[in-house]
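> Sequence first, predicted coordinates after that:
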There are 2 protein chains.
Amino acid sequence: MLRFHHIVRVSLFASKASTFPLTSVSLSTSIPKRTTFALRSQMTSFSSSSSSSSSKLLFRQLFEKESSTYTYLLADASHPDKPALLIDPVDRTVDRDLSLIQELGLKLVYAMNTHVHADHVTGTGLIKSKVPGVKSIISKASGATADLFVEPGDKVHFGDLFLEVRATPGHTLGCVTYVTGDASDQPQPRMAFTGDALLIRGCGRTDFQGGSSEQLYKSVHSQIFTLPKDTFIYPAHDYKGFSVSTVGEEMQYNPRLTKDEETFKNIMANLNLSYPKMIDVAVPANLVCGVQSK
Amino acid sequence: MLRFHHIVRVSLFASKASTFPLTSVSLSTSIPKRTTFALRSQMTSFSSSSSSSSSKLLFRQLFEKESSTYTYLLADASHPDKPALLIDPVDRTVDRDLSLIQELGLKLVYAMNTHVHADHVTGTGLIKSKVPGVKSIISKASGATADLFVEPGDKVHFGDLFLEVRATPGHTLGCVTYVTGDASDQPQPRMAFTGDALLIRGCGRTDFQGGSSEQLYKSVHSQIFTLPKDTFIYPAHDYKGFSVSTVGEEMQYNPRLTKDEETFKNIMANLNLSYPKMIDVAVPANLVCGVQSK
């Protein structure tokens, strides 16, 4: 009855058919079984055209290798205008991102940042110069300039979809997390774009730009860990090749944020990280959303 | 009526409320609108627990930076045993992958390769030594050794989910593409793990290991481009930071495979690529699925 791990030869294709032994495989393994909420994570869609929702999220995760930065493209593909937004674009990959948007037939309306990045120059300024009409967005608390400022509780609409803005300071004073909406016509599971507040099995450093480990601990616990456990976590960086996590996984396995607050603060105070090589270029540029003064 | 790109301030969170101007944004853009099938690509799940399917695919894309290789973790999270498989694991990231599998409470049953890789050593041998019971899988046509050999038309079951095996030779003689099943209880849209046969806006080279540009052209057109256009393409590598594409996108925008066969063969014959630095180590190791002889 080991149906779940056998190989069946069928003749679906025009190829030579042959007999094939059903191999009985031992189920013993050194990995213990655990039943956790994390099991429900990162499920692909089982929806069909009979879905009750008229909106469909087109979603792409894009990587910039030099700074290990993730940029996210979201669009409402069911809306006639196909409105799209980019979260945390990088200046050096703007042409790649705009080409993809063009090929997918999308209309870019927002280029937004989770915070004032210290490790790369945002692509928002360059995008604005290349695509007239695109508006840059950042949090009001960031102190940066942009076309539009968001505050906690704001909703950023694109077509029939929207992102909620949650304040998650601690890595920097103005960090926000963008979360897909909590409604039946919005993506399920929800998706949280956490910037550097919560990384997969990690978090952003807290030793510059108004950073505070006490504040970061509170932000993650009050604004991210209160989301449904199957909410996908999409961070601004990953250095180990992970692409996604879930709230449930991070609540159970994050080596820093599963600790009590005092332990967390001690961990963060003793990271002994070097000064970011890009900070003196990136922060001034990013305070104007990448738009250099004339 | 520009509802699709405005920001609305609501007081969902315990934060200071303030008025916020609804900004009227120009819709003009230098990017032309196109209506293509690609618009429906990479949609996130809108399914809910009311889905008619009892199976749920847990899916993770994992990256190995040195060789720019993607490894894929798939599991049936709804099955009591949570059976899982890895496609194209890399030796140097085996510990990362097994830790994740352990944290997610999965039972790894298969470690499989799309082909005999020339650019990295497969993790399948190392995984077998660390997790007793795991079976290695590769195509019979590859000429490599493994616990189980697949041929075109085979189905690899894990729980109530399965992958179909399609022969896609041309990069190497034994290349296969694994495709999620074509049934109402299988993931929608379908997902194709193409190895090096079809890359995002590219394809694998054809100048060694029994490679043939003529064969690759036929493989992609007969075995991949005949899948539904919204089928996700998950390749074994990406060098530009893309994570996924669709059949429809590649049929429209792949710079090589949108050409006629003669042009394609000319392109492939004139790539002037250097000898792969890992090939003399990787191929002998991978011919035994990473298991070194004693």
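Yep, it's here. These numbers were taken from a predicted model, which means no experiment stands behind them.
> When you work out contacts or count neighbours from here on, use the C-alpha atoms and nothing else.
Noted.
> Work out for me the element A:Leu86 sits within.
Using DSSP states H and E, A:Leu86 sits within strand A:83-87.
> Please state the offset of the helix or strand just after that strand from the chain centre?
Using DSSP H and E, the helix or strand that directly follows strand A:83-87 along the chain is helix A:94-103. Counting by C-alpha atoms, centre = their mean, to the nearest Å, helix A:94-103 is centred 19 Å from the centre of its parent chain.
> So which other helices or strands are in contact with helix A:94-103?
In terms of contacts (3 or more C-alpha pairs under 8 Å, 6 or more residues apart in numbering or on different chains; DSSP states H and E), helix A:94-103 is packed against helix A:124-130.
> what about chain A, any weak spots by pLDDT?
A:1-55, A:292-294 (pLDDT under 70).
> run the last query once more with 50
Along chain A, segments meeting pLDDT under 50 span A:1-5, A:10-54, A:294.
> mind listing the helices for it?
Using DSSP state H, the helices of chain A run over residues A:94-103, A:124-130, A:213-219, A:247-253, A:261-269, A:279-286.
> Nearest to A:Pro228, out of those helices?
Closest to A:Pro228 of the helices of chain A is helix A:247-253 (C-alpha to C-alpha; 7.1 Å).
> Dump the C-alpha coordinates for that closest one into PDB.
Provided in PDB are the C-alpha atoms of helix A:247-253 (Å, rounded to 0.1, in the frame of the first residue of the first chain):
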ATOM      1  CA  VAL A 247       4.900  33.200   9.300                       C
ATOM      2  CA  GLY A 248       4.400  29.800  10.900                       C
ATOM      3  CA  GLU A 249       7.900  28.600  10.000                       C
ATOM      4  CA  GLU A 250       9.600  31.700  11.300                       C
ATOM      5  CA  MET A 251       7.600  31.600  14.500                       C
ATOM      6  CA  GLN A 252       8.900  28.100  15.000                       C
ATOM      7  CA  TYR A 253      12.400  28.200  13.500                       C
END
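> List of residues touching that helix?
Here helix A:247-253 makes contact (C-alpha atoms under 8 Å, 6 or more residues apart in numbering or on different chains) with A:37-38, A:200-201, A:224-225, A:227-233, A:257-258, B:103-104.
> Pull out the buried residues from those.
Among the contacts of helix A:247-253, those buried by neighbour count (16 or more other C-alpha atoms under 10 Å in any protein chain shown) are A:37-38, A:200-201, A:224-225, A:227, A:229-233, A:257-258, B:103-104.
> I'd like to know which of those residues is nearest to A:Val281.
Nearest to A:Val281 among those, with distances taken as C-alpha to C-alpha, is A:Ile200, at 26.5 Å.
> who does the residue nearest to the closest one when sequence neighbours are not counted bridge with?
Excluding its sequence neighbours, the residue lying closest to A:Ile200 (C-alpha to C-alpha, 6 or more residues apart in numbering or on different chains) is A:Ser245, at 6.1 Å. A:Ser245 forms beta bridges with A:Ile233, as assigned by DSSP bridges.
> Quick check, A:Ser245 in contact with A:Asp238.
No - using C-alpha atoms under 8 Å, A:Ser245 and A:Asp238 do not qualify as a contacting pair, with a distance of 10.9 Å.
> Now the common contact residues for these two.
Shared contacts of A:Ser245 and A:Asp238 (C-alpha under 8 Å, 6+ apart): A:Ile200.
> okay but A:Asp119 is in contact with A:Ser67, surely?
Yes - under the criterion of C-alpha under 8 Å, A:Asp119 makes contact with A:Ser67 at 6.6 Å.
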